[in-house]
Every structure is written in C-alpha cells, then in structure tokens.
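> Take this sequence and fold it.
(chains A, B, C and D)
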Number of protein chains: 4
Amino acid sequence: MKKFISDNNAPVHPSVMEAMARCNEQDRNSYGADPLTSEAIDRIRALFTGEPDVYFVTTGTAANIVGLAGLLRPWESVLAAESAHINTDECGAFERLTGNKIIPVQTPDGKLTPELLAPFMATQGNEHLVEHRVVSISNVAETGVLYTKDEVRAIADFCRNNGLYLHMDGARIANACEKLGEPIHALTEGAGVDVLSFGGTKNGLMMAEAVVVFDRAKTDGYRFLRKQMMQLVSKHRFLSAQFLAYLTEDLYLKNAKAANDACHLLAEALKEENMPLVNPDSYANILFLDVDDAFVQRLAQSYPLHSEGGHLRMVTSFDTTKEDVDDIMQAVQNAKNDK
Amino acid sequence: MKKFISDNNAPVHPSVMEAMARCNEQDRNSYGADPLTSEAIDRIRALFTGEPDVYFVTTGTAANIVGLAGLLRPWESVLAAESAHINTDECGAFERLTGNKIIPVQTPDGKLTPELLAPFMATQGNEHLVEHRVVSISNVAETGVLYTKDEVRAIADFCRNNGLYLHMDGARIANACEKLGEPIHALTEGAGVDVLSFGGTKNGLMMAEAVVVFDRAKTDGYRFLRKQMMQLVSKHRFLSAQFLAYLTEDLYLKNAKAANDACHLLAEALKEENMPLVNPDSYANILFLDVDDAFVQRLAQSYPLHSEGGHLRMVTSFDTTKEDVDDIMQAVQNAKNDK
Amino acid sequence: MKKFISDNNAPVHPSVMEAMARCNEQDRNSYGADPLTSEAIDRIRALFTGEPDVYFVTTGTAANIVGLAGLLRPWESVLAAESAHINTDECGAFERLTGNKIIPVQTPDGKLTPELLAPFMATQGNEHLVEHRVVSISNVAETGVLYTKDEVRAIADFCRNNGLYLHMDGARIANACEKLGEPIHALTEGAGVDVLSFGGTKNGLMMAEAVVVFDRAKTDGYRFLRKQMMQLVSKHRFLSAQFLAYLTEDLYLKNAKAANDACHLLAEALKEENMPLVNPDSYANILFLDVDDAFVQRLAQSYPLHSEGGHLRMVTSFDTTKEDVDDIMQAVQNAKNDK
Amino acid sequence: MKKFISDNNAPVHPSVMEAMARCNEQDRNSYGADPLTSEAIDRIRALFTGEPDVYFVTTGTAANIVGLAGLLRPWESVLAAESAHINTDECGAFERLTGNKIIPVQTPDGKLTPELLAPFMATQGNEHLVEHRVVSISNVAETGVLYTKDEVRAIADFCRNNGLYLHMDGARIANACEKLGEPIHALTEGAGVDVLSFGGTKNGLMMAEAVVVFDRAKTDGYRFLRKQMMQLVSKHRFLSAQFLAYLTEDLYLKNAKAANDACHLLAEALKEENMPLVNPDSYANILFLDVDDAFVQRLAQSYPLHSEGGHLRMVTSFDTTKEDVDDIMQAVQNAKNDK
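All right, here's what the predicted structure looks like:
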C-alpha cells in the first residue's frame, strides 16, 4: 500500500487501539452516560479557558454539520471559501440536512479574510436574500495552507462586529497547532472561534471527531441535533476512549508532528527537484504540486495520488517515514526524467 | 454494572475486537475501497439468493434512514407502527433528514398486518395527501414480539399488490432468526423484504450496521445517499472488519442464541413468579412487564431498568449469564415481597 | 353548480372584487412596500390589544406553515389533533418544508384538551425524542366543532405552564367568532393564542390569508420565512386590498353570519328528518352526517359531496341561500326514501 | 409613482381584471377541477408541439422551485449562473424547500454556455460530490441579456449529451420571444428546454405563473409537488382566468412589445447621452447602467431605482409610455449635469 494518498489511509495509532480494547472490559451505560465519556469531555475542556460543550461524532462531515446546524436559523447562511470541504466534498450534506445555504466565496488561495468577507455584509437585512450568520474556515485549509492565530483573530473580530459566528473545520487542527507552535486554545477559542470541529480520524483515531461549542455559541439544542443527525452512537464509550488516548501525553500533537515533519522532508526534497509546489511557504501535512496530466499519469504508475482543484495532492500521516519520502521522491524523479 | 437495561450496554464480542485489531496492521484505501470491505459485502451477499447492494453505516438510526431515503420521492410516506423506532425514538431524524412523513398506525401489539394497512390505501392518488410508498416493520418489534416468515410474507404481498416497498428495521434481526429457527434470507429477502437494516451493534459489534438493498429496490442513488447522510466513514475498513467477524462461524447467530436463551430463562423464571409478562408468547431477547410505578421504583433500587410505553423492559445480551438471571430474579422477588 | 361541497367553491364577495379593481388604478411599489398594505396591517392590528406582526400569504396551508415555522427549532415538534389539516390535508408540506415532526394526538371529536396533551409532557428533555414546542388547534375544527374561549384559554394555560406556544389554524375563525358571539380578539390573542392563521379565502376572499404573530411569538425571522416559503407575492397590494375589504364594515363577520345561518337552517332541517348528525350541538358552517356508503351514493346522483373521516360533509358559504338548503334537503329526502 | 423600478410595480392589465371578474359569476369546483382551468391548460398546450403538463402557481419563485423539484433526486444539483434569481434572490428557498444544492457558475455576462458548463462534468459519478442533474437558465437573464434560440439549443444539446435536464426561468419569456421574434415554442420546447417557468405577473397578470413540463420531464409527481409546495390555490380558477386572458389575442406578446419598445426608446436615448449601458446590444425590457454611487444618488432624488450587481437597473413595463421615458431622461440629464 502506497502512502501520500490520504491521511485516512493510515492505521489507527496503537495506543488508541489499546484504549478501545480496555474500554471493552465491562458493560457500560450506552449513549454517553458512562464514566469514560465524562472523562474525555473533561479532558477536552481542560484544553480551553471557558467551559465548552463537547459532542463526539463519527465523521468529519458530521462534526461540521452538527456544529453548523446549531448556529443557524432557517433563513440564514454560511460564508465559506469556495474550496471548503463543506461546500465541495460532502455530497450536498449541508444543504440536505440543514436546508441552509452556503455562500461560496472566491479566494486566491483557499483562505478567507475580512476583506473578502466585507462585501457580503452590504445586503444583510434584505428579506429577498439569505441572512449571513456564520463564517466557516478550515485550518489546515483544504488547499494545504494555514491560518495563523492573528489571521483567525482578524476574521473573528470581523464576525463579532457583524453579528456573525465563526466556525472552524479542524479536521487537521492538530497539524496546524503543531506547525504553528500554538496550543489548540490559541488557534480556536482564544482567537475567537465559536464552534470547532476537533478532528481525530485523520490523525490516528479510528472514527471519532468532537464538536466543541465555546461559550458564546452554547445551546441546549446541540444534544438534540447530534441525535437527530444520527450521530449519537449507542456504544458511545468507544468514541470517548479514542479521544482519551488522543489527549494522553499529547498524542494528538505527537502524531501531528510526525506527519508534519515527514511533510517538511518531502517539501524540501521536492524543492530540491524544482518541483512546482503550490503552497511552498504555508503547509502542515499537505502539499500540492502544479504539474500537468502527463506527469500525474507517469507518477500514478508507481504512486497513485489524488488530484484536487487541478493540483496533485500529497498528504503525510503520523506513520509516514523517511523511507516513504525517499520512495516517493524516487518515483517523482522517474516521472520527471521520463518527460 | 447491572444487566438487562439495554443490549447496547454489552461489550463488543472478543472476536470482533480481534478482527478490528488485525484490520489495523497496515495502510488501506479509505472510503470502502479496500479488500476487507469487498469481502464483507460478499459475505453478506452470500446469505441471500439475489445480489443485494450493501452499505455499512455506524448506527441503527442511520441504517433505517439511509435505507428508507432511497425508496421515497418527496411527496411519499412511510406507514409504520406507532411504536416503531423510526417514529418514536430517533428525535425526528427521519422527517428532518428526508423531509418525508411517517404515518403512525395504531396497533394492538406493535405489529402491522395487511388488515391494519388496508384502510390507508383508500386515499392513494389524492394530491392533497401524501402518497404511501413504503411499509416499515421491525423484527424483533420494539414491543418485543416477533413477525413469523408468513406474517412478513403477508405484508410483503400486500405491498406488492399496492405498489409499495417493504422495509425491515432489523436492529435485532439475528435474534428473530435464531428464535424462529429461520435463516436470515427466509425472514427478509425470501419473505419479500425490499430493504433491510441488518443490525450488529446490539448483538456484539462496536458500531456497525448494514443497509441491505434487495434487487427490487436497488438504485445507484444509495451510495450518494450514504455519503450525504454523513455515513461514509473514512476508515471504512473498521466497519467491514466488524461484519466479517460477525459472519464468521455464524457469530451473529451464536450471539443471538446466547441472548435469546438467557431471555427464555428469565421469562420462565418470571412466569414462575406470576409476574405479568406483556409478551409471554412472542419474544426473542426483550420482555415487557406490566407492573405499577411502585414496583418499578422498588426494583430500581437494585436494578435500574428502562420503561417504554408504560411497561418495564428487560433486555438480554450475548453476554447475559444464568447468574445474571438469578441476580435479577432475586431483585424481582424482593421488590414483589416489599409490596 | 351544486353548493355544500366546499366553501372554496363560493365566489369572491363583490366588495372584494371591487377593492381589487380599485387597487389596480395605478403603479405601486411591489413586495408590500405600498400604502394599501400598511393600511391593511393597521386594520388587522386594530382588532387586537397588542401590536401583532402581520404577514399576508396566498393559501391556508401557507399561513399554517409560515406561522408554525417561526416557532420551531429543528428538533422540536407540533402537537395537533390527528384530524388536523396540517397533519392530514397538506400533502406532507409541513414535514417537507420545515423538516419538523407533527405528533398526531388521538381525540374523540377532533378537539385537543389539556388532559389529552398532558401525557406528552412526560418525555420532554429526552434527546432521543423530539421536544414538543407548539400546540396547534383549528377553530372551527376540521370535524366541524368549535372551541369556546374558555377551552382555548385552558389549552393556552397548559402551553404557558409547559413552555409551549399555541398556534391556531383559523381558516374559518370568522365563522367561529360569529357563532360564539365573540370578537376575534377574545378567541385568539385574548385567550392566549401566539400565532393565528387568519383565514379569508373560504369566507369571500379570492386568495388571501394572514399570519398574525402576537407579541410573545414575534421575531424578525417571519419576514424572511415568508419570502423563503415562496409567499412574498410581488404585486402584494392585491392581497392587502382583499383584507381591507374584508375588514370594512365587518364583512368578515357578515359573510360568516350568512354561512352560519344557512348551516343552522340546514342542521335544523336535517334534525327534523332524523338524519344522524355527527356534530349536532357544536358547529358553525360545517356539518357531518354519519351515513352509509349507499346513502352517500344515492345522494351523490343529485348532490356530490365530500366525505372525510368516514362522514359525509356539508359546508355552507356566505352565498348559500334558503333555496340552496331546500334544494339539498329535497335531495336528502329522496336519497333517504330510496333506501 | 415613478416607473422603471420594477415591472412588478405595473398594474394588472385591464383585460385580465375583466377576466377575473367574469370568472367570479358563479360557484366553481375548487383546486383546479373547473372548466376555466382545463381551458387555460389547453390554451398553453396549443402553443407547443408536445403535450406538456401545466401547473399554475402564484409566484415566480414558486414556479422555479416546483419546476426544479420534479427533476431532482436528493443528491443531485442544479448548475446555474451565479447571478441567477434562484441563487441570489429567493432567500434560500431552493435549498430550504428541496434540500438540493445549486452550483453557482461564474459567467462574464450572466449567461451560461456549454463551454462554461463542461468542466463540471469531470466529477460526475463521484459520491463525495453532488451529482449535477439540471442546468437552469433565465431568459431574459437577470443581467438583462437574451439567449437566442441557437444558444438555448447549444445548452440543451450539452444537457442531452450529459444526462442533464434543462430548466428555463421564463419570468420574462414573453419579452424574450417578442424581442427575438421567436414564438415561445421555438425558444423553449423547440430548443430543448425540459421545464419552463412561464411568467405572467411581470407582464400584466396579477399573480400567476405556469410551470410547463415538456414531454421528456413529465411525471405524475408534479401535482403532488405543487400541493406540497403550498401552491395549489383553492380558488384556482382565478389563476386560470389570468392565463386565459393572457393568451387571448396574444396579450402576452402585446404587453411584452409595449415594454420592449419603451425599453428600446430608453436605450437609444441613453446612448445619445453617452450613458454607459452594460447591455447595449442584448436586452428586452431591462437595461443596466455602469454608473457611480454619486450619480445613483443624484438620480434617486427624482427617480429611485434598484441597483443590482453594482449596476443601476431600469425596467420597463407594458404600461410604460413615451412620456415616462422623456421624464426619466430629463432626470438622467439633470443628474449628469449636476456632476
């Protein structure tokens, strides 16, 4: 099995598997009324300064949609980068399941800014149009690039000034934190995020994500929404066990560091080969190459990869090794020389 | 931890945990494009005579809703017993996520019959009313009772004669099969079921259910619907691994037998104590007692249980032992004598 | 054209047609930004003691759904009589367009009471179930019977005590007011109703209903909801003109009186013939007869009528005359004697 | 009242008012089971070569959404120009009421072409993404420009080749037909359109639009969808009467000609003044001016107008006169000279 296609292809981290096995030693109340769940929630809360509500779900799409659904009334919309996962990669789940509208914002690099958002405020209050209520950003963005703490803060300030909520799709938030050297609090709650999809599956968990609802956005409705969205797993303790392991001895950051380090190795090697990196200066564990179809196909013979937005994508995981990097670089060189 | 509250409180069967651990030994393609998934689908297909499509999901609610969604156009409805899980116990997920209507049918015991369904056919074709398109039954029913093969067949015939589909919520279908001595094919596809929620989680899996779409109901739309309903798990192989273990050496039937046998022991003991069983003649692993609130509260001191529809519910699992039965019977006697 | 089938078969009252013609004399701003609309809203407000918000729409189904949608969050439900128009006669519009669930309550006569509603409060707060938030009653009820002011008040008190809103489908509220000798305020706002569908079309208008949102339920969201629900008519002034005529010199009550008086004549005549009236003691302009299919068919030869819930329905309108009553009674006698 | 703000501000054409008055002379069956409705449907059918199904509704938004809803399964999407009314001007009605997704396509001038659509075909069949099923175009487009018969045909061919349906928002289709000198059949059914919103309200009707479903798209579902979408008006004959008048002696074309001629006068006058017309070469009854905010405000003192997409909009109606054009041109000159 070749690496670099997706961080979803990586295994579950051994500590997580062990935690799940330990969790199985006895009967436990279902639907989250068990001690492991309380402990996991407390552990997440301890990362933040407020007392956020925490809801575990099974997929990143579910985390995003449950998180957003709690912020929206029927006539309200979400502003997101055109390239956002919620807009492009969830088979219309958001529209189908919430009935709300996503307004795709054109961006140069997949990142929103207050300047890009400002023009949308001109039509607020007009009943012929949806009322914008939430801004959603992804960190790491789908284009591989990162939002710094200050960039998030700037968007959050814009949101506060305009009566909007700020949602963060953090499917790879651990990678962003590790790369930027920021604790998770600083990049989320501390920077003004209202609801966070705290990703786990792409970083060593089996299937577990957390919706973290910070103080300003808390509502009793979320627990109903999670159930209604089919995400209240009956043997819920097996989601909690994953997050407990994830937060033990900072496994989430260690896994992210392993992936990010491998990605850095890869980036340097690609630069050395003068490969056209789309995001050479801002990345965590995803790189994009601006190469032509012929190159993609030559490479695919030894290394099938995923292309997105016209660019070849390379993703590292917590288990990517230096050997894996050497291996793909060999293939890259071959594909290049075959030209 | 006390037993009998819910079959969701039971652990994951050790063979299933082992299969999941084995599944973790290497990188695998995500989203179901892996060999374990193909194998698991083939294994399920082998239980039937047609070539059903199979979609793994994480919860029973999700299995029901994905399964039903594929059968319905916007103006169509589902006829179900008023007591059906989809009607009462899923926080309105069906209406929210599909937008369709459930027509709750009043029943004496939680089971539908052609006679109960027939009056609803009188209004078909009238655009002021929803058009009934699907009948949904649960086997084991939420009231603990079973549909025999002939009873399912009778409903299926009614459906065929009236242009309807038949959906079965089989969250506990293995228990029904084992108790009735019927292979799963006979109680489902063979009896005319069009779409089956093939339950696993309540019977020894961690979180895995299968939507099985038989020939008459197959459509390319289901794979989109599963994704849109947020049920296309990225590390999908961990769902498949559960089902593979479940179908190996008939684990699903063995687990069901253990639960059913314990339930039978319990039923006999309760009869001996002249306890008022609601479903003394038709049960697999669920019993209901028609007892007053005072009794429920006395029992709750040693044995907290779940009440539903005004009746005290006792559920056995694959790991319920004779000692567990003795234990609760002691508590029952105490509660009775305290009267 | 025979009468008594539906009050929708009656013409538009001449004063209303004249008002619409007058409204056409010049260009006017669209979407309700015109003086007639302001005047019509003021005229409706003058009927009440608070300052309700008023939204004109084109159909009764739309009035109900816009009115209810503004009261509900995604996981919340409406408690309504099983026979309620929103439950049975709107082709699933409520579920499709709001995504919320209606809980049909079994009633002896189509009317809700606090006693019938009380059991549903037992499960509030349980995330596995929908959270009941609105009680919806119809006055006149679909079964022809009336809620008195005190009966509405009792339900409203129940709602206040349980954190619920009270919605009234008043498609025939003018008939109820006239029959009970109560001003509209007394039967609605004064009795604790939160949102009213103020019907017009069945009582002499062409196509115009008003959603009246009383103080406790007011929200800025309704104006967006009306647009989103496709009910913000562009030449909106033609809805307003209808309501202005309706409220001029109490036309709404005069029309209702004509219909009710004709219905009373009919009821007395039917009683004289010993015809089995289902609602002999409580009616405004609708009567139901408990007659067999053979009778229905004999009558249908001269008088086709609508049957509902197994009963033959007779409806009077503002233009039903004594001659119309004599005419149908002759047909009833013939159908009876043919037996 | 000033003209040019919107064609919704114009009155109802006198012939239409008369037809509505005549329609009121007697009782008629409700919900479209009346002779006027049959006649109106036949009259519309006579404009086409197939035998389309016809459904009258009250607003343009409703016509679009009912028309589109019948073409879509839950996971499917509509490709439309970013500037399309369904995308920008219906308060998210499409997403809320159908749950489907609109994919906004960036265009230079508000018109789609096969070239602009082609890239979206690359991802068909991928369950992570919505499946594109319908292309929706507006003629007249929201930017004022027209699609010729050949341009529609080219898009329709693209649709047929790619398994898509073609929907046309024809809120101003009569203006397009008149301007291009094409019968309505040629610009719609004859050019491959599958479903047409046949507009009336902006062209002399009071509130009436028709959903015309051509042979390839016909389904029994539409009559249910219209009811479910709250558009089955009870006194339906008053919608039919409007369309009957509209189609009598080509009133729809005569009204369109009056509006188009006035627009042409205005365009020539504006060109003479060297005003920067956005669509100088392609228009029917809408012009856009690329002027700065200061100009807009100066003009607004005597002539308040609507701006859209950063451009000042001027719309003519069937009742716009040469005097009206002179009047606004005087104001334009004043605003220009004040500069």
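
> Report how many residues lie close to A:Asp338.
A:Asp338: 11 surrounding residues under other CB atoms under 10 Å in any protein chain shown. For glycine as for every other residue, the C-beta is placed from the backbone atoms N, C-alpha and C.

> tell me which element the nearest residue to it once chain neighbours are set aside falls in.
In space, A:Asp338 comes closest to A:Arg298 once its chain neighbours are excluded; the distance is 5.2 Å by CB to CB, 6 or more residues apart in numbering or on different chains. In this assignment (DSSP states H and E), A:Arg298 forms part of helix A:293-302.

> Using CSV, write out every CA atom in that helix.
The C-alpha coordinates for helix A:293-302 follow below in CSV (Å, rounded to 0.1, in the frame of the first residue of the first chain):
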residue,chain,number,x,y,z
ASP,A,293,-1.7,15.5,-16.6
ALA,A,294,1.1,13.6,-18.3
PHE,A,295,3.3,13.9,-15.2
VAL,A,296,0.4,12.8,-13.0
GLN,A,297,-0.1,9.7,-15.1
ARG,A,298,3.5,8.8,-15.2
LEU,A,299,3.7,9.1,-11.4
ALA,A,300,0.5,7.2,-11.0
GLN,A,301,2.2,4.1,-12.4
SER,A,302,4.1,3.7,-9.2
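
> Tell me if the helix or strand following it is near chain B.
Proceeding N to C from helix A:293-302, the next assigned helix or strand is strand A:306-308, under DSSP H and E. No. On the criterion CB under 8 Å from any CB of the partner chain, strand A:306-308 is out of touch with chain B, staying 10.2 Å away.

> what helices or strands is strand A:306-308 leaning on?
For strand A:306-308, the elements it packs on are strand A:311-315, judged by 3 or more CB pairs under 8 Å, 6 or more residues apart in numbering or on different chains; DSSP states H and E.

> Centre of the chain to the strand it packs on, how far?
Relative to the centre of its chain, strand A:311-315 is centred 16 Å away, using CA atoms, centre = their mean, to the nearest Å.

> any idea of the mean pLDDT in that strand?
Taken as a whole, strand A:311-315 has a mean pLDDT of 96.

> do stretch A:111-121 as well
98.

> Buried by neighbour count: which residues of that stretch qualify?
Neighbour-count burial for stretch A:111-121 flags A:Lys111, A:Leu112, A:Thr113, A:Pro114, A:Leu116, A:Leu117, A:Phe120 (criterion: 16 or more other CB atoms under 10 Å in any protein chain shown).

> Tabulate these in TSV, adding columns for distance to chain C and secondary structure.
Formatted as TSV, the buried residues of stretch A:111-121 follow (distance: CB to the nearest CB, whole Å; DSSP: H, G, I helix; E, B strand; the rest coil):
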residue	distance to chain C	secondary structure
A:Lys111	30	coil
A:Leu112	24	coil
A:Thr113	28	coil
A:Pro114	25	helix
A:Leu116	24	helix
A:Leu117	21	helix
A:Phe120	16	helix
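
> okay, the angle between the helix or strand harbouring A:Lys336 and strand A:311-315?
For A:Lys336, the host element (DSSP H and E) is helix A:322-337. Angle between the axes of helix A:322-337 and strand A:311-315 is 160 degrees (criterion: axes from the mean of the first three to the mean of the last three CA atoms, to 10 degrees).

> picking up where we left off before, against A:Leu277, how distant is the residue nearest to A:Asp338?
In this view, A:Arg298 and A:Leu277 are 18 Å apart by CB to CB, to the nearest Å.

> residue boundaries of the strands in chain A?
A:53-57, A:76-81, A:101-105, A:131-138, A:165-170, A:195-198, A:209-213, A:286-289, A:306-308, A:311-315 (DSSP state E).

> circling back to that earlier point, based on its surroundings, how many neighbours for the residue nearest to A:Asp338?
A:Arg298: 19 surrounding residues under other CB under 10 Å.

> Same question for the one 3 residues further on.
Using other CB under 10 Å, the number of residues around A:Gln301 comes to 11.

> my guess is A:Ala141 meets A:Gly110, correct?
Yes. Assessed by CB atoms under 8 Å, A:Ala141 is found in contact with A:Gly110 at 4.5 Å.

> I'd assumed A:Ala241 was in contact with A:Ala19.
Yes. Between A:Ala19 and A:Ala241 a contact is recorded at 4.6 Å, counting by CB under 8 Å.

> Look at the two and report which has more neighbours.
Using other CB under 10 Å as the criterion, A:Ala19 and A:Ala241 rank with A:Ala241 on top: 27 against 21.

> For A:Ala21, which non-adjacent residue is closest in space?
With sequence-adjacent residues excluded and distances taken as CB to CB, 6+ apart, A:Ala21 is closest to B:Met17, at 5.9 Å.

> per-residue confidence at that neighbour?
We note a pLDDT of 97 for B:Met17 in this prediction.

> Just give the number of residues close to it.
Using other CB under 10 Å, the number of residues around B:Met17 comes to 21.

> ok, now how distant is A:Ile44 from A:Glu127?
Here A:Ile44 is placed at a distance of 39 Å from A:Glu127 (CB to CB).

> swap that for A:Val315, sorry
Applying CB to CB, the value for A:Val315 to A:Glu127 is 44 Å.

> Comparing the two, which shows the higher neighbour count?
Legend: neighbour count by other CB under 10 Å for A:Val315 and A:Glu127, higher for A:Val315 (25 against 20).

> Just to check, the more buried one is in contact with A:Ala10?
No. Between A:Val315 and A:Ala10 there is no contact under CB under 8 Å: 9.3 Å.

> Need the overlap of contacts for those two.
The contact sets of A:Val315 and A:Ala10 do not overlap (CB atoms under 8 Å, 6 or more residues apart in numbering or on different chains).

> any idea of the angle the top helix by length along chain A forms with strand A:311-315?
What stands out as the longest helix in chain A, according to DSSP state H, is helix A:251-272. Relative orientation of helix A:251-272 versus strand A:311-315 (the same axes, to 10 degrees): 130 degrees.

> Give me the residues contacting helix A:251-272.
Residues from elsewhere that reach helix A:251-272, judged by CB under 8 Å, 6+ apart: A:4, A:7, A:13, A:15-16, A:172, A:174-175, A:177-179, A:200, A:203-204, A:245-246, A:277, A:280, A:283-287, A:289, A:314-322, A:324-325, A:328-329, A:332.

> what does the stretch 51-200 of chain A have sitting close to chain D?
Residues of the stretch 51-200 of chain A lying near chain D by CB under 8 Å from any CB: A:74-75, A:77, A:88-92, A:95-97, A:99-101, A:104, A:106, A:127-130.

> quick one, what contacts A:Arg226?
Contacts here follow CB under 8 Å, 6+ apart; on that basis A:Arg226 touches A:Tyr55, A:Val57, A:Val66, A:Val211, A:Leu232, C:Glu127.
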